[in-house]
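In: Here is the input, now give the coordinates:
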Amino acid sequence: MPARHGLRLLSRLPGNGCVFADSDWWWWLVPAGSDADLRWPLPACYAPGGYVPDRQPRLMRRPGTTSPYTPPIPLYLMVCQLTGTAPAWTVPDLGSRI
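Out: As a prediction, this is how the structure comes out:
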């Protein structure tokens, strides 16, 4: 997510999961497959197999549990709200739901 949205998202999400940041981007670690049937709105970018780049990002939040992941559904809903986008997903064999 672009850095301009980082603090706002961080303050409104549950306190678990790793969050990294640099001056341009913030990264929330989510479980693999968190893009399944979801359309993450721009300017957010879901990066399957992604990694936090080696350009000195800061650890903004340590996980509150033993899992390093942020719950993807609350994050997705907050990103949608922040971007003014209606949540949308597909249901297997039924197609798109808005």
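In: Only C-alpha atoms from now on, for both contacts and neighbour counts.
Out: Will do.
In: Quick one, grab the pLDDT at the closest residue to residue 31 other than its chain neighbours.
Out: Residue nearest to residue 31 in three dimensions, not counting chain neighbours: residue 69, with 6.0 Å by Cα to Cα, 6 or more residues apart in numbering. Here the pLDDT value assigned to residue 69 is 89.
In: If we go by neighbour counts, what in the top helix by length along the chain is buried?
Out: Using DSSP state H, we find that the single longest helix of the chain is helix 72-83. Going by neighbour count (16 or more other Cα atoms under 10 Å), the buried part of helix 72-83 is 72, 75-80.
In: Roughly how far does residue 23 sit from residue 40?
Out: 22 Å (Cα to Cα, to the nearest Å).
In: out of the two, which sits in the more crowded spot?
Out: residue 40 (19 against 11; other Cα atoms under 10 Å).
In: Got phi/psi on that one?
Out: phi -70, psi 130 (degrees, to the nearest 10).
In: Please name the residues that touch it.
Out: Counting by Cα atoms under 8 Å, 6 or more residues apart in numbering, residue 40 touches 46, 76, 79-80.
In: Tabulate these (TSV), appending distance to residue 2.
Out: Output for those, formatted as TSV (distance: Cα to Cα, whole Å):
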residue	distance to residue 2
46	12
76	15
79	11
80	14
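In: got a markdown table for those residues, with pLDDT too?
Out: Output for the contacts of residue 40, formatted as a markdown table (pLDDT from 0 to 100):
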| residue | pLDDT |
| --- | --- |
| 46 | 84 |
| 76 | 92 |
| 79 | 92 |
| 80 | 93 |
